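Enquirer: I need the structure of the sequence given here:
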Amino acid sequence: MTSRSALLLVAVGLATACSGLTPVTEAPASAPVPAPVLDSFAPTAQAFILSTNEPFWQARVEGEVLVLTGLDGERRLEVTRNQALLDGRHVMARDGSGQVEVRIAPMLCQDSMSGATFPYTGRLSFDDGQPITGCARPASDPPPGEPGQDQR
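Expert: Numbers count the residues shown, from 1 in each chain. Sure thing, here's the model as predicted:
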């Protein structure tokens, strides 16, 4: 059993213990176990791109740098946290002008202007302000095509 499977079984056990259900201890040997949605955001694959509309921002996380691009130009921030969580990825970055927070969740997202489909939904916040929602993808994935085209 992998450590990821063990962690999943512990989480299921805790959830079912609180609800009074009988926990599942092991999947049948013949049943395939699906890969977690977060595989592309595992700690070894930390680069991604988040885009928002109105206001227009692009946040590109690559290793220890968050590159924030908007109508006023580009801003490079030092990443202080880039953490995979059960519900997505959480990134904090800082420069002399302040702090930026990015959250990515494994939920399909349709761009509000182009209609393109992205594999992740994201939120961008400046200095603990109101989050701006947008769509995200791993940086290794090509930009999505027009609606109806193959996205991967």
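
Enquirer: domain parsing for this structure?
Expert: The record's domain split for the chain, according to automatic domain parsing, is 3-28, 38-138.

Enquirer: now the strands for this structure?
Expert: Along the chain, the stretches classed as strands by DSSP state E are 48-52, 57-62, 65-70, 73-85, 88-95, 98-105, 109-110, 117-118, 120-126, 132-138.

Enquirer: Any chance of CSV for the ones you listed, columns mean pLDDT?
Expert: Listed next are those as CSV, based on pLDDT from 0 to 100:
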stretch, mean pLDDT
strand 48-52, 95
strand 57-62, 93
strand 65-70, 96
strand 73-85, 93
strand 88-95, 94
strand 98-105, 96
strand 109-110, 95
strand 117-118, 94
strand 120-126, 96
strand 132-138, 94
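
Enquirer: And those: which comes nearest Pro144?
Expert: Closest of these to Pro144 is strand 117-118, at 5.9 Å (criterion: CB to CB). Placement of C-beta: from N, CA and C, glycine included.

Enquirer: who does that closest one touch, helix- and strand-wise?
Expert: Helices and strands touching strand 117-118, by 3 or more CB pairs under 8 Å, 6 or more residues apart in numbering; DSSP states H and E, are strand 109-110, strand 132-138.
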